[in-house]
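1. here is the input, now give the coordinates:
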Amino acid sequence: MTVLPRRPDARQVKFPLGQLLITPAAMALLEKANVSIFTLLERHLAGDWGDVCAEDAKLNDDALRYGNRLLSVYHVDKQKLFLISEADRSASTILLAEQY
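-> Below you'll find the model as predicted:
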């Protein structure tokens, strides 16, 4: 039996995710590192932007109010992953930093 991680409740979700996209390389990294995609999504949706600088964190916080693009950065197995939600919130993409 597979147990899925707890989904964030409605109070923690700060924006709609839209269609979820992930590159094959990012999926392979998560599988190799045994990291659940749901863990990253939960953090991103709750406004935990990961390893972004203070300036980018402020840009993300402002983007929640003004409808701009959101960028989270997470390190998995010593590699940098980006999770980007489009300004119109139609899609969110997980990719390796070098694929950006």
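
2. CA atoms for contacts and neighbours, from now on please.
-> Will do.

3. so who does the most centrally placed residue in the chain touch?
-> The chain has residue 83 as the residue nearest its centroid, 3.6 Å off, counting by Cα atoms, centre = their mean. Residues in contact with residue 83 (Cα atoms under 8 Å, 6 or more residues apart in numbering) are 44, 71, 72, 73, 74, 92, 93, 94, 95.

4. and it, how far is that from residue 39?
-> Separation of residue 83 from residue 39 (Cα to Cα, to the nearest Å): 12 Å.

5. now swap in residue 32 and tell me
-> As for residue 32, its distance to residue 39 is 15 Å (criterion: Cα to Cα).

6. over to residue 73?
-> Between residue 73 and residue 39 the distance is 13 Å, computed by Cα to Cα.

7. tell me which of those two has more neighbours.
-> For the pair residue 73 and residue 39, the greater number of neighbours falls to residue 73 (22 against 13), based on other Cα atoms under 10 Å.

8. what about that one, which SS state?
-> Classification of residue 73 into helix, strand or coil gives strand, according to DSSP: H, G, I helix; E, B strand; the rest coil.

9. test my guess that it contacts residue 80.
-> Yes. Here residue 73 reaches residue 80: they are 6.7 Å apart, a contact under Cα atoms under 8 Å.

10. in the chain, what residue spans correspond to strands?
-> Taking DSSP state E as the criterion, the chain carries its strands at 19-22, 70-76, 79-85, 91-96.

11. now the shortest one: average pLDDT?
-> Yep, that's strand 19-22 we're talking about. If you average the pLDDT over strand 19-22, you get 97.

12. show me what that strand is packed against.
-> Under the contact criterion of 3 or more Cα pairs under 8 Å, 6 or more residues apart in numbering; DSSP states H and E, strand 19-22 touches strand 91-96.
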